[in-house]
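**Q** What shape does this take:
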Amino acid sequence: MHPDLAQLFALQQVDTALAHNRRGLAALDDGTARKVELDAAIAERERREQALAELERRRREREDKLRATEQKRAESRQKALVSMETKQQVALYEQIEALTRAKGTFEEELLVLFDGIDEQRRQRDAQTAVVQRLQREHQKTVGEYEEEKAALEAEAARLQAEREQVLPQVSPAGLQLYDARRKRTGELAVVATEEGGCTGCNVAVPVVIRRKALQSAEAVQCESCGRILYVTAAEFAEDSD
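**A** Numbering: from 1, shown residues only. From the prediction side, this is the model:
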């Protein structure tokens, strides 16, 4: 067996775990998507608030006009009662009729506005419920993210420390071999054999190749994927049986 192979396999195990850790960190849901959804819901609620405020403004405006019309109508009635001139009375009664019609129009508009306000409040309240739900979900997602991120970062620190312990045990030539093989085969440079097969590509490794990997001082590669084979005496003996 290559003098550095056991250490290189240990280094590979650590590096594989670190790569898995990095992928885990990258895959964590930090709540960005939920935040986008939440912001959109908040914007929609604000739009509904503004629509409700506009309806309320129009309601107050109509109520002011209605009060002014009723007051002017009452004043015109009073003038008509005391007026002694027929022409003036006719003009006043025409004005009263016009004000009565305006009063009816304002009252109808107010009824429509009241219905619109009730509906807009219902929609605003429903949207508020959506916002509150999304806020809870976002807070939960962020909390879980922070917890999982902390756990993965702690694991990464432990693995990095383990890697620093393994590195001094590998010769410079062994590290050069390992790094060169990783560039060619991706993250996985050294693989074990299980039940006579390469765990890197799942292709059967001939007995002669496994025997060579176990007995030779040179690094022996899988003929299929090119990764360095790590064969233990126990695994080779079990397979030979």
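
**Q** Could you give the average pLDDT over the longest helix that the chain contains?
**A** Longest helix in the chain by number of residues (criterion: DSSP state H): helix 86-166. Here helix 86-166 scores 96 as its mean pLDDT.

**Q** Check whether Leu55 really touches Asp115, as I assumed.
**A** No - with contact defined as Cβ atoms under 8 Å, Leu55 does not reach Asp115; the gap is 9.9 Å. Yep, even glycine has a C-beta here, placed from its N, CA and C like the rest.

**Q** Which of the two has more residues huddled nearby?
**A** Leu55 (20 against 11; other Cβ atoms under 10 Å).

**Q** How many residues are close by Arg227?
**A** 22.

**Q** Skip the chain neighbours and tell me the closest residue to Gln120.
**A** Leu52 (4.4 Å; Cβ to Cβ, 6 or more residues apart in numbering).

**Q** element containing the one you found?
**A** Per DSSP states H and E, Leu52 falls inside helix 32-82.

**Q** Is Asp30 in a helix, a strand, or coil?
**A** Using DSSP: H, G, I helix; E, B strand; the rest coil, the structure places Asp30 in coil.

**Q** so what's it closest to, chain neighbours aside?
**A** Nearest one to Asp30, counting by Cβ to Cβ, 6+ apart, is Tyr145 at 4.8 Å.

**Q** Likewise for Gly174?
**A** Asp4 (3.1 Å).

**Q** Tell me how many other residues surround that neighbour.
**A** Around Asp4 there are 20 residues (other Cβ under 10 Å).

**Q** And for the one 10 residues further on?
**A** Around Val14 there are 20 other residues, counting by other Cβ under 10 Å.

**Q** Please give the element, helix or strand, for it.
**A** Under the criterion of DSSP H and E, Val14 resides in helix 5-27.

**Q** Quick one: residues in contact with that helix.
**A** Applying Cβ atoms under 8 Å, 6 or more residues apart in numbering, the set of residues contacting helix 5-27 from outside is 2, 149, 152-153, 155-156, 159-160, 162-163, 166-167, 169-170, 174, 177-178, 182, 187-192, 219, 228, 230.

**Q** Report the rounded mean pLDDT for it.
**A** 96.

**Q** Then stretch 191-205?
**A** pLDDT averaged over stretch 191-205 gives 94.

**Q** got the buried residues for that stretch?
**A** Judged by neighbour count (16 or more other Cβ atoms under 10 Å), stretch 191-205 contains these buried residues: Val191, Ala192, Thr193, Gly196, Gly197, Cys198, Thr199, Gly200, Cys201, Val205.

**Q** measure the residue nearest to the spatial centre of the chain to Ala40 for me?
**A** Taking Cα atoms, centre = their mean, the centroid of the chain lies closest to Ala33, which sits 2.7 Å from it. Going from Ala33 to Ala40 by Cβ to Cβ, to the nearest Å gives 11 Å.
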